[in-house]
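3D model of this:
(chains A and B)
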Amino acid sequence: MAEETEGLPPKSDFSAWYNEVIRSAEIMDVRYPVKGLYVWYPFGFALRQHTYTYLRSLLNRDHEECLFPLLIPETSLATEGEHVKGFEDEVYWVTHGGLSPLDVKLALRPTSETAIYPMYSLWVRSHADLPLKLYQVVNTFRYETKHTRPLIRLREITSFMESHTVHTDWDDANKQVEYELGLSLEFYKTLGVPVIISKRPDWDKFPGADFTMAIDAVMPDGRTLQIGTVHHLGSHFSKAFNITYEDINGEQQFASQTCFGISERCIAAVIGVHGDDKGLVLPATVAPTQVVIIPIIVGKRGEEILSAVKVLEEELKGAGLRVKTDTRDMRPGAKYYHWELHGVPLRVELGPRDLDAGQLVCVNRLGVKTTIPRENAAESVARLLQEAHDKILEKAENNLEAHIKNAASVEEANAMLEGNVVAVHWCGDKACADKLEELTNSALLGTEVRSQYITDDEGCCVICGKPGRKAIIGRSY
RNA sequence: GGGGCAGUAGGGUAGCCUGGUCCAUCCUAGAGCGUUUGGGACGCUUUGACCCCAGUUCGAAUCUGGGCUGCCCCA
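This is a model prediction of the structure:
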């Protein structure tokens, strides 16, 4: 597939590092001849599979998976005014069937509210049908005009998990918002990616929502990456699409709704947050290969080593681990570099010395070497994987903490903004936000911030001096 | 949204300014054979490229225009 070159750009040159690691670690091939569309390599696809299998398992606790069509008639897309306005400049249109122009143009879904809700209107009849909680994992299309980037800014989002729920009232929907934020936290904790949750300012919320809660990761260059959103839709869409139910008193009521999305940006976050100068660092939870076994074949004992390695592989697989044995005809060192580039959490070496001593040499992706007894190897290996995971999460948390600053004034914020996310007090007025953004050359990302590194206390707006709450500002992808 | 730069084997590059010296340089990778294998092996043989479309010219990788694609910087 993709060929490796010796040495990546240093991760401190994040943009160059990211492009090169995406290619040489075989996540995606960016050479597909349409702007903003990329090809998943088998290795990248396997990473996606493991990640989304886990995401599905979380959702399946209280949602059901379903699948809606890709094409949305113009008439449905236009049903909710605010929503269509928010997306009109980035919709791809299907205008012809063969050579005949279509009477009603069909949109490639930029998101699926307007595909799903006409059906919800048919499905929801009574309070007994509620809550209704469905999700799907699909591709969506957005005609991005900004600089596209694999996994981060795409014209075809290939892996959009979107959840759409319907509730009897606003409060019940709000509980769902909190529940889904909790799910997101659990998901990202498993990926070892620490996040900041905040409420997007009104002018930046999802078109047609009451409010939007956003989940952001911080990339190594200090720019934030929005890796999840949960929207409280109130009854905007239920009124537009006539999603009503009969309540216990026999009266028709408009339902309240939420939607929630996570895309392949979650994989960009894993890559960006954990990777190092040698390449990917994958958490064992989603790594396509968790353990790679390298036979050290020296002199005449090759056969003996290979059969010992085979037994070990079966034993580890039997314990439920994803194991690969690298028997290629290469120097061991070349294999080490290869698997480090691919982020494999643990390498197990087995050579003549180990065979004689009844031991295995294990090296985790952070470079820590441990010698374990060959007896009960699966148990020891599982423990080492867990330790490695704890370590990368800890590293990621320390890194996030280092990139979050609290500032008491615009001057202080400006001094800290290079490579960081900064928290300041803000009164909530749009005019002050505009001024703050202008003075700091950054964007106001959100308020009502939930992060262990930011205290959401009261204070004076750094622009006007009126009382306000913390808001985070920074540059984002 | 605005500006800049670039496109040469699978990846990275030299050549471009000043058209002919180029059946295009070097590194890496791929294929075959052999010797090797505890941190990127070596030898021999071999495969493979000037983004697309026009134009200028006796002649274009090189100059001009357009398209497509990529990257960087600023808002």
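
Where does residue A:198 fall, secondary structure wise?
Using DSSP states H and E, residue A:198 sits within strand A:196-199.

which secondary structure elements does that strand contact?
On a contact count with 3 or more C-beta pairs under 8 Å, 6 or more residues apart in numbering; DSSP states H and E, strand A:196-199 meets helix A:170-190, strand A:211-218, strand A:443-450, strand A:467-474. Where C-beta positions appear, they are placed from N, C-alpha and C, glycine not excepted.

right, so of those, which gets closest to residue A:15?
Among the helices and strands packed on strand A:196-199, the nearest to residue A:15 by C-beta to C-beta is strand A:211-218 (15.6 Å).

and the next helix or strand after the closest one, C-alpha only, in CSV?
Using DSSP H and E, the helix or strand that follows strand A:211-218 towards the C-terminus is strand A:224-234. Only the C-alpha atoms of strand A:224-234 are listed here, as CSV (Å, rounded to 0.1, in the frame of the first residue of the first chain):
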residue,chain,number,x,y,z
THR,A,224,-9.5,22.9,18.8
LEU,A,225,-11.2,20.1,16.9
GLN,A,226,-15.0,19.8,17.3
ILE,A,227,-15.4,16.0,17.7
GLY,A,228,-19.1,15.8,18.7
THR,A,229,-22.2,17.8,19.1
VAL,A,230,-25.5,17.3,20.9
HIS,A,231,-28.4,19.5,19.8
HIS,A,232,-31.6,20.2,21.7
LEU,A,233,-34.0,20.8,18.8
GLY,A,234,-37.0,21.7,21.0
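
is RNA strand B contacted by strand A:224-234?
No: Strand A:224-234 lies out of reach of RNA strand B by C-beta under 7 Å from any atom of the strand, never closer than 13.9 Å.

Check which residues of that strand are buried.
Residues of strand A:224-234 classed as buried by neighbour count (16 or more other C-beta atoms under 10 Å): A:224-234.

same check, this time on stretch A:416-430
For stretch A:416-430, a neighbour-count test (16+ other C-beta under 10 Å) marks A:416-417, A:420-427 as buried.

Please apply the same query to stretch A:44-51.
For stretch A:44-51, the neighbour count (16+ other C-beta under 10 Å) marks A:44-48, A:50-51 as buried.

Which of these lies at the shortest distance from residue A:174?
Distances from residue A:174 to these, taken by C-beta to C-beta, are shortest for residue A:51, at 28.1 Å.

Report the separation between the closest one and residue A:267.
Between residue A:51 and residue A:267 the computed distance is 6 Å (C-beta to C-beta, to the nearest Å).

Quick one: end-to-end length of stretch A:312-330, please.
In stretch A:312-330, first residue to last residue: 21 Å (C-alpha to C-alpha, to the nearest Å).

Spell out whether that stretch and RNA strand B are in contact.
Yes: on the criterion C-beta under 7 Å from any atom of the strand, stretch A:312-330 is in touch with RNA strand B at A:329-330.

now that stretch: mean pLDDT?
Throughout stretch A:312-330, pLDDT has a mean value of 97.

Show me where chain A dips below the pLDDT cut-off.
A:1-6 (pLDDT under 70).
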